[in-house]
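Undergrad: Any chance you could fold what I've pasted below:
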Amino acid sequence: MEKMEEIEGSIADLRTTFRSRKTTSVAWRKNQLRGLIELVQDNEQKIAKALYQDLGKHPAEVYRDEIGIVKKSANHALSCVEKWMAPKKNRLPLLYFPASAQVLSEPLGVVLIFASWNFPISLALDPLIGAIAAGNTVLLKPSDLAPECAAFLQETIPLYLDCNAIKVINGGADVGEKLLQQKWDKIFFTGSTRVGRLVMTAAAKHLTPVTLELGGKCPAVVDTLFSLSDIKVMAKRIVGGKWAACNGQICIGVDYVLVEKKFASTLVDSLKRTIKKFFGESPKDSNSLSRIVNKNHFDRLSKLFKEPRVAASIVHGGSSNEENLFIEPTILLDPPLDSEIMTEEIFGPLLPIITLNNIQESIEFVNSRPKPLVIYAFTKDETFKREILSETSSGSVVFNDTVVQYAADVLPFGGVGQSGLGRYHGKYSFDNFSHEKPVMQRSFFLEMEPRYPPWNDFKINFFRFAYRFDYFNLLLLLLGLKK
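TA: Presented below is the predicted three-dimensional model:
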């Protein structure tokens, strides 16, 4: 009851603030973006400590994936927000003369943001940047699975941002359910497909628009047209995209690899060498591997690779330590396709490699499964690239690298189908939290009488010309020079 009162009171404050219209000014938006930049700059040590306590992340990983990416995104928005806010003039057809048109971007209102636990700082603050830049008021719900980061956000955000316009509420699933019972002008959710369905169902009751950043099984398709130096680079990029970011607990991480049988042993050997280079002879002692977030996820992952049929396919790794929530980087070669490790998103340090007779079969393999958030394809074959682009559907496609697309502000980030709904990053974040309102102005000069009854053949011909955009003949028709 007490938490519900806090929620309702917070929403009431946010609506009052939004109605005051202060969040629509460019000055307010810029001040909040500057405040966000100061927040991460002033608190690098605290953020690093919280992320180590929650996930065992190394400071380098923290800066790359959390602090640095938030600073970059906020600085980008700060430098562009006036341009994004500016009305956009649109040319109208001659048929409307004399008239003018423009599109105004206006904030949606009071926004609810659900953050995820795997990147608990950046996945909270990055969407917040877009919501602020667009002029909304925001209630942020951090993930309770990263409690130190959630506490940091709740304690620190009010010190740097407008506490009447941006609020943080912590809690578990029960708090999330209470929040979803309320009416919002937009809900932004990052998390699992299962919970995403619940969010969308709750939002439908109020016809609330949603953005769902979900996940899926992202494949890496590996062609065989590589030199030895290319293979080394490819292995680094696959290992980096699988284990060097939250130890595989990442929605855009490589979930499985597709490769021709004849190239499989070469690939496995190269991946093994790279894992050893990155994490040493004893990965459990490495400070460069994040730990599994909690006991529930550890048990889920253990079940995936310890099933007897699956365990028989392990060609590297396979050790684990429940006390330390550690699972070694593990490679599996051709696990059963009907096993859970190949039907569910892994979200952990397990990498199945599936062999094919011909790499062209990878397209059918990917298409036989739900649309992935990303397809990674390592190939120099331009024809094969075109086939991937034209014959598959995914949130995005990256050729010859992994995960780097996430940091590009000029590219939209989002899924398709079960991997997500909506997109954000850079200008796309601003658009995500805005309504584009068209505005047309007309003069009282030159009334076009054929648009009104009573109807006749002349007016039918007028409509025919008008909808064909044949403006020259339409003008002749109106002047009586054409029948």
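Undergrad: When you work out contacts or count neighbours from here on, use the C-alpha atoms and nothing else.
TA: Noted.
Undergrad: what bits of the stretch 51-200 of the chain have low per-residue confidence?
TA: In the prediction, the stretch 51-200 of the chain carries no residues with pLDDT under 70.
Undergrad: And the helices in it?
TA: Listed from the start of the chain, the stretch 51-200 of the chain has helices (DSSP state H, counting those that start in this stretch) covering 59-62, 68-85, 122-133, 147-160, 173-180, 193-204.
Undergrad: Could you give me the buried positions within the second one?
TA: To tie it back to what came earlier, the one meant is helix 68-85. Within helix 68-85, the residues scored as buried using 16 or more other CA atoms under 10 Å are 68-78, 81-82, 84-85.
Undergrad: try the last one
TA: By neighbour count, and taking 16+ other CA under 10 Å as the criterion, the buried residues in helix 193-204 are 193, 196, 199-200, 202-203.
Undergrad: cool, and the shortest one?
TA: Under the neighbour-count criterion of 16+ other CA under 10 Å, helix 59-62 has 59, 61-62 buried.
Undergrad: Distance to Lys385 added to these, as TSV?
TA: Formatted as TSV, the entries for the buried residues of helix 59-62 read as follows, by distance: CA to CA, whole Å:
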residue	distance to Lys385
Pro59	37
Glu61	31
Val62	33
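Undergrad: Nearest to Ala312 among these?
TA: Looking at the buried residues of helix 59-62 and their distance to Ala312, the nearest is Glu61, at 32.7 Å (CA to CA).
Undergrad: Kindly provide the distance from the closest residue to the closest one other than its chain neighbours to Leu112.
TA: Counting by CA to CA, 6 or more residues apart in numbering, Glu61 lies nearest to Ala245, which is 7.1 Å off, once chain neighbours are set aside. Per CA to CA, to the nearest Å, Ala245 is found 27 Å from Leu112.
Undergrad: pLDDT value on the closest residue to Gly248 other than its chain neighbours, please?
TA: Nearest residue to Gly248, sequence neighbours excluded (CA to CA, 6+ apart): Gly348, at 4.2 Å. The predicted local confidence for Gly348 comes out at a pLDDT of 97.
Undergrad: for Gly348, what are its contacts?
TA: By CA atoms under 8 Å, 6 or more residues apart in numbering, the residues touching Gly348 are 247-250, 292, 301.
Undergrad: so which two of the residues you listed are the farthest from each other?
TA: By the measure CA to CA, these have their two most distant members at Ile250 and Leu301, which lie 13.9 Å apart.
Undergrad: which one of the two has more residues nearby?
TA: More neighbours sit around Ile250 than around the other of Ile250 and Leu301, counting by other CA atoms under 10 Å; the figures are 22 against 19.
Undergrad: Wasn't the more buried one part of a strand?
TA: No - residue assignment for Ile250, taken from DSSP: H, G, I helix; E, B strand; the rest coil, gives coil, which places it outside any strand.
Undergrad: Just read off the phi/psi values of it.
TA: The phi and psi values for Ile250, taken as degrees, to the nearest 10, are phi -150, psi 130.
Undergrad: helix, strand or coil for the closest residue to Gly395 other than its chain neighbours?
TA: Once flanking residues are discounted, Gly395 sits nearest to Gly415: 4.0 Å by CA to CA, 6+ apart. The three-state assignment at Gly415 reads coil, by three-state DSSP.
Undergrad: just to revisit the earlier point, tell me the one among the buried residues of helix 59-62 nearest to Glu361.
TA: When the buried residues of helix 59-62 are compared for distance to Glu361 (CA to CA), Glu61 comes out closest, at 35.6 Å.
Undergrad: Against Ile47, how distant is that closest one?
TA: As it turns out, when the distance is counted by CA to CA, Glu61 lies 12 Å from Ile47.
Undergrad: for Thr24, same thing?
TA: The separation that Thr24 has from Ile47, given CA to CA, amounts to 30 Å.
Undergrad: neighbour count winner among the two?
TA: The residue with more neighbours, out of Thr24 and Ile47 and counting by other CA under 10 Å, is Ile47; that gives 25 against 20.
Undergrad: check contacts around that one.
TA: Residues near Ile47 by CA under 8 Å, 6+ apart: 40, 67, 121, 149, 152.
Undergrad: and Lys49, what element?
TA: For Lys49, the host element (DSSP states H and E) is helix 44-55.
Undergrad: same thing with Phe226?
TA: Mapping Phe226 onto the secondary structure by DSSP H and E places it in no helix or strand at all.
Undergrad: Could you list which residues are in contact with it?
TA: Taking CA under 8 Å, 6+ apart as the criterion, Phe226 is in contact with 379-380.
Undergrad: Next one, pLDDT for it please.
TA: On the pLDDT scale, Phe226 is placed at 80.
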